[in-house]
Each structure stands twice: as C-alpha cells, then as structure tokens.
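Asks: compute the structure for the input listed below.
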Amino acid sequence: MMEENKKNRKKAWKPLKYVILVAALIVLGNSLIVCQENEYKLIRQFGKVQRVVSTAGLSFKIPFVQSVDTIPREILLYDLPASDVITSDKKSMIVDSYVLWRVTDPLKFTQTLSGSVYNAENRINAVVYNATKNTVSNMTQDEVIKSRDGKMTVTVSDAEEEVESNDLVLEEKTEIIEIKSLTEEIMDSLGDAAEQYGIVILSVDVKKLDLPDDNKQAVYARMISERENIAAQYTAEGASQARMIQNTTDKEVSIMLSEANAQAEQTMAEGEAEYMRILSDAYADESRSEFYSFVRSLDAAKESLKGSNEKTLILPSDSPIAQIFGGN
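Replies: Numbers count the residues shown, from 1 in each chain. Here you go, the predicted model:
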C-alpha cells in the first residue's frame with residue numbers, strides 16, 4: 001500500500017516539475033535584457049524610467065515588475081519633404097533635403113518626445129525648415145545657387161605692362177574660390193536647437209534646389225537677360241580697353257617714327273657736311289684738283305647722256321669737257 005502511494009506521488013510530481021521548470025524559464029526570460037550595439041534599453045518600473053542600459057550584452061531586471069523600451073542608437077536618415085522658401089530678393093525656390101541624426105540622450109529623448117522616432121522626425125522637420133528659411137531669406141537667389149556646392153569658378157584678367165617694350169599684356173586665368181556652402185549656412189543657423197530633445201543633427205544635405213514651375217520660365221528669361229547684359233558690359237569694356245591700347249600703340253609708333261625721321265635728317269645733314277668737307281679738302285690740294293675736275297667732268301657727261309640720245313654727246317670745242325677729252 002505504501003509503495004503504491006509512493007508511485008502515485010511520483011506520478012503526480014512529474015507534471016509539476018515540468019510546470020515549475022516552465023515557470024522558471026518564463027521568469028528567467030522575463031528577467032534577462034539583451035542590449036545590442038545599435039540600441040539603448042530603458043528599464044521602467046510602474047511607468048517611470050529607473051535606468052538606461054547603453055552597454056551591449058546581457059543584464060537583468062525585476063520580472064513582471066519592470067518593463068523594457070528600446071531606443072535606436074544608430075545614425076538615422078530622415079528625408080524631409082520639399083518646401084518653398086523665399087530669398088531676400090523675393091524669389092521663390094524649392095529646397096529638398098535630408099537629415100542625418102541620432103539619439104545622444106535616451107532619457108531626455110523619452111521625456112520630451114516619448115521615445116518616438118516619428119515625434120523626433122516631426123521636430124527635426126520644423127527645426128530644419130526654420131533654419132533653411134532663415135538662411136535662404138538672407139541670401140539672394142544668385143547667392144543661393146552659387147553656394148549650392150560651396151565653390152565658385154571665376155575668370156580673372158590680369159594686365160601686365162612690359163617696361164622694355166612698352167606693351168600691355170592681358171592674361172586671363174580661371175580660379176575656383178571656396179565659399180561657404182548652403183549646407184554649412186543651414187547648419188550654422190541650426191545651432192544646438194535639437195539638443196533639448198536629446199538628439200543631435202549630424203548633417204543637413206540639400207539634394208535638390210529648384211524653381212517653382214509657375215515662374216521657371218520667367219526666372220530663366222531674367223537670368224538670360226542678366227547674362228546678356230553682363231556679356232555686353234564685358235564686350236564694351238574690352239572694346240574700350242582695345243581702343244586705349246590701340247591709341248597708346250599709335251602714339252608710341254608716331255613718336256618712334258618722328259624720332260627716326262629726325263635722326264635720319266640729322267644723319268643726312270652730317271653726311272652732306274662731311275661730303276662737302278671732303279670735297280673742300282680735295283679741291284684745296286692742287287695736285288688732286290685736276291683729277292677731281294676730270295671725275296666731275298665725267299659725271300657731267302654721264303648725266304648729259306641720259307634721255308633719248310644715250311650714245312651721242314655733242315660738245316663745243318671750247319667746252320671744259322671737250323678740252324679734257326682732247327687733251328688741251
């Protein structure tokens with residue numbers, strides 16, 4: 001009888017052991033907290049946050065009394081809806097951008113935004129839109145477009161004067177000037193506006209900058225007109241500069257020609273004076289005077305043979321030339 005009672009107790013105890021084991025597993029499972037590298041764990045007790053688990057691994061909580069909320073820890077991407085903004089010159093533009101952000105203070109994030117990513121994105125949307133609107137409203141449309149990539153290409157003309165040749169040389173070169181990009185302007189305008197929510201905005205990037213469809217053509221026409229005016233101004237300035245260079249060159253050429261002519265006249269005068277001096281010296285010497293008279297008579301005869309009668313020379317007998325040829 002006693003053995004039969006023992007067997008009955010063993011049979012009754014066997015399912016109870018399974019129940020206890022299952023209950024123990026449930027309690028243990030409800031006590032364990034598994035925290036990943038890309039998340040925070042908030043331990044709540046009766047709705048109040050008791051502690052924050054930020055280290056990856058296993059930890060424990062009071063089963064059935066404490067609950068666990070998960071807050072993302074990785075960098076999150078939020079694509080803002082495209083919005084209209086007005087520039088300082090009253091031009092409308094469409095800005096489409098995205099934000100990279102993450103939670104830095106999970107407790108403050110939970111207290112201010114109920115730990116909701118959706119609520120955080122709504123706050124980010126409002127904060128970034130206000131910063132973008134304030135930034136663009138202080139810039140003209142051209143400045144907004146130029147600051148899109150943070151670089152601006154300009155062509156610079158340098159005028160260099162060569163002293164020796166007195167020539168004016170124009171040299172054009174292209175320079176890329178680094179300017180503050182639109183993203184940097186927006187980030188500066190943001191400041192620490194998002195820190196009060198326990199989050200940080202890492203970057204705001206403008207992926208699209210466009211004009212409203214209703215005034216695109218008008219803006220394009222105005223931009224074309226402005227570029228044509230700028231081109232006309234550059235052309236006029238170039239023509240004016242060309243005229244100045246041409247006038248300067250003509251003046252310098254006239255001065256050089258005048259100086260050259262004066263130098264030539266002076267040289268010719270000096271040559272004539274030297275020629276007359278040589279002749280005077282030659283005629284002053286009696287031993288050479290007959291030779292020079294003969295040479296001059298030949299020159300005179302040569303000049304007389306020019307014209308239609310090139311082979312006949314008619315001279316009177318008492319002519320000095322005839323006397324020279326006759327030997328008298």
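Asks: the protein: strands as residue ranges?
Replies: Here the chain has its strands, by DSSP state E, at 32-35, 39-45, 48-53, 57-60, 66-72, 76-79, 83-86, 92-103, 151-162, 167-178, 199-210.
Asks: want to try a markdown table for the ones you listed, with distance to residue 121 and mean neighbour count as columns?
Replies: All C-beta atoms are positioned from the backbone trio N, CA, C, and that covers glycine. Putting the strands of the chain into a markdown table (distance: least, C-beta to C-beta, whole Å; neighbours: other C-beta atoms under 10 Å) gives the following:
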| stretch | distance to residue 121 | mean neighbour count |
| --- | --- | --- |
| strand 32-35 | 24 | 14 |
| strand 39-45 | 18 | 18 |
| strand 48-53 | 22 | 14 |
| strand 57-60 | 29 | 11 |
| strand 66-72 | 12 | 16 |
| strand 76-79 | 5 | 13 |
| strand 83-86 | 14 | 14 |
| strand 92-103 | 9 | 18 |
| strand 151-162 | 31 | 10 |
| strand 167-178 | 33 | 10 |
| strand 199-210 | 10 | 16 |
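Asks: where among these is average confidence lowest?
Replies: Mean pLDDT values for the strands of the chain show the minimum at strand 151-162, a mean of 47.
Asks: out of the strands of the chain, nearest to residue 222?
Replies: Evaluated with C-beta to C-beta, the strands of the chain place strand 92-103 nearest to residue 222, the distance being 13.3 Å.
Asks: for the protein, which element, helix or strand, carries the lowest mean pLDDT?
Replies: Lowest mean confidence among the helices and strands of the chain (mean pLDDT, DSSP states H and E): strand 151-162, at a mean of 47.
Asks: just how off-centre is stretch 246-253 within its chain?
Replies: Here the centre of stretch 246-253 is set off from its chain's centre by 38 Å, with C-alpha atoms, centre = their mean, to the nearest Å.
Asks: avg pLDDT for it?
Replies: For stretch 246-253, the mean pLDDT works out to 91.
Asks: buried residues in that stretch?
Replies: The neighbour-count check on stretch 246-253 (16 or more other C-beta atoms under 10 Å) flags nothing as buried.
Asks: with just CA atoms, put that stretch into CSV.
Replies: Below are the C-alpha coordinates for stretch 246-253, written out as CSV (Å, rounded to 0.1, in the frame of the first residue of the first chain):
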residue,chain,number,x,y,z
GLN,A,246,45.4,101.0,-80.0
ASN,A,247,45.7,104.7,-79.2
THR,A,248,48.6,104.1,-77.0
THR,A,249,50.3,102.0,-79.6
ASP,A,250,49.6,104.5,-82.4
LYS,A,251,51.0,107.3,-80.3
GLU,A,252,54.1,105.3,-79.5
VAL,A,253,54.6,104.4,-83.2
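Asks: kindly state the pLDDT recorded for residue 271?
Replies: pLDDT recorded at residue 271 is 90.
Asks: cool, the one 3 residues further on as well?
Replies: Confidence per residue is given as pLDDT, and for residue 274 that number is 87.
Asks: how close does it sit to residue 299?
Replies: Per C-beta to C-beta, to the nearest Å, residue 274 is found 19 Å from residue 299.
Asks: thinking again about what came up before, output the strands of the chain in TSV; the columns should cover distance to residue 222.
Replies: As requested, the strands of the chain are exported to TSV (distance: least, C-beta to C-beta, whole Å):
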stretch	distance to residue 222
strand 32-35	58
strand 39-45	52
strand 48-53	56
strand 57-60	63
strand 66-72	47
strand 76-79	31
strand 83-86	16
strand 92-103	13
strand 151-162	20
strand 167-178	24
strand 199-210	16
